[in-house]
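Colleague: Dropping a prediction and its sequence here:
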Amino acid sequence: MPFTLRSPAVVSVLERLHTHADEQDGPASQGVRAREAAIGERLAQEQRYELYGEAPLAITREVGQILYLLALSSGARRIVEFGCSLGVSTIYLAAALRDSGGGTLISSERHERKIVLAERNLADAGLGDLIEFRAGDALNTLSDIAAPVDLVFLAGRNDLYLPVLRLLEGSLSPGALAQRSLLRPSRRLSKPGVQEPVFCSHGAANWNPSCP
Ligand SMILES: C[S@@+](CC[C@H](N)C(=O)[O-])C[C@H]1O[C@@H](n2cnc3c(N)ncnc32)[C@H](O)[C@@H]1O
């Protein structure tokens, strides 16, 4: 079986993007925390994203590998991603599609410059042929996705996860998976009472946090 994550093009692009994220994401989060401390309240998600600017806010290498395995082992052929940023998670998902014989990844991003960079990064990784990018607010751009969708990766504003899922519900295949983004899995998963991050659809409007 091919292992696209080890191809020189993918290794090189991922290394560049992860290094960039290692440098940018910490300061971006600190900037938001400092602003919240100054005003004494939590910012709305929309305001947070304005402050994040062009920071990638990317998943880590470890989360990327988990995401790759999830997509590969589920046999997903058609994947929808909400919030691709510069395309780190998109590369892991597309690599899984490549290694399982092909498919389509529909990826949304509303930041104009980020989606241009993401397209370039996916092309540089040799995975551009698997992606259909949709620029703009996912609530608009993901409203006409054709069935069947096997896997949804939710990585945009987290207050929009449910509205985006609702938008896609009619197009999901039976037993489709929805995975929310985890930036730091070890911290989150070690907290008691925190739901497991994978959700399964057992019919329209019925999301269950424990997959069979
Ligand atoms: C956490 S980052 C995604 C990181 C990316 N999945 C990765 O791992 O490389 C979230 C992204 O969602 C985008 N976003 C936020 N709200 C959105 C919306 N309503 N529609 C489309 N994209 C959105 C932001 O611009 C941001 O780039």
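Modeller: Yes, it's here. Numbering: from 1, shown residues only.
Colleague: use CA for all of it now, contacts and neighbours both
Modeller: OK.
Colleague: Could you list every helix and strand in contact with the lengthiest helix in the chain?
Modeller: For the chain, the longest helix by residue count, based on DSSP state H, is helix 8-39. Judged by 3 or more CA pairs under 8 Å, 6 or more residues apart in numbering; DSSP states H and E, helix 8-39 is in contact with helix 45-52, helix 88-99, helix 112-124.
Colleague: Quick one: check it for contact with the ligand.
Modeller: No: on the criterion CA under 6 Å from any ligand atom, helix 8-39 is out of touch with the ligand, staying 8.6 Å away.
Colleague: Just want the angle from that helix to helix 45-52.
Modeller: 110 degrees (axes from the mean of the first three to the mean of the last three CA atoms, to 10 degrees).
Colleague: rewinding a little: take the helices and strands packed on helix 8-39 and lay them out in TSV including distance to Val80, mean neighbour count and mean pLDDT.
Modeller: Converted to TSV, the helices and strands packed on helix 8-39 look like this (distance: least, CA to CA, whole Å; neighbours: other CA atoms under 10 Å; pLDDT from 0 to 100):
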stretch	distance to Val80	mean neighbour count	mean pLDDT
helix 45-52	21	15	93
helix 88-99	10	26	98
helix 112-124	15	18	98
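Colleague: The ligand is nearest to which of these?
Modeller: helix 88-99 (3.7 Å; CA to the nearest ligand atom).
Colleague: do you know how far the residue nearest the centre of the chain is from the ligand?
Modeller: Central residue of the chain (CA atoms, centre = their mean): Ala155, 4.1 Å from the mean position. Going from Ala155 to the ligand by CA to the nearest ligand atom, to the nearest Å gives 5 Å.
Colleague: hmm, back to that, could the helices and strands packed on helix 8-39 be laid out in JSON lines, adding distance to Leu5?
Modeller: Converted to JSON lines, the helices and strands packed on helix 8-39 look like this (distance: least, CA to CA, whole Å):
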{"stretch": "helix 45-52", "distance to Leu5": "28"}
{"stretch": "helix 88-99", "distance to Leu5": "6"}
{"stretch": "helix 112-124", "distance to Leu5": "13"}
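Colleague: got these as JSON lines, with distance to the ligand columns?
Modeller: Below are the helices and strands packed on helix 8-39 laid out as JSON lines (distance: least, CA to the nearest ligand atom, whole Å):
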{"stretch": "helix 45-52", "distance to the ligand": "7"}
{"stretch": "helix 88-99", "distance to the ligand": "4"}
{"stretch": "helix 112-124", "distance to the ligand": "7"}
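Colleague: Those helices: which one's closest to Leu162?
Modeller: helix 45-52 (14.3 Å; CA to CA).
Colleague: Which residues belonging to the following helix or strand past the closest one are considered buried?
Modeller: Next in sequence after helix 45-52, counting helices and strands by DSSP states H and E, comes helix 61-74. Within helix 61-74, the residues scored as buried using 16 or more other CA atoms under 10 Å are 61, 63-65, 67-72, 74.
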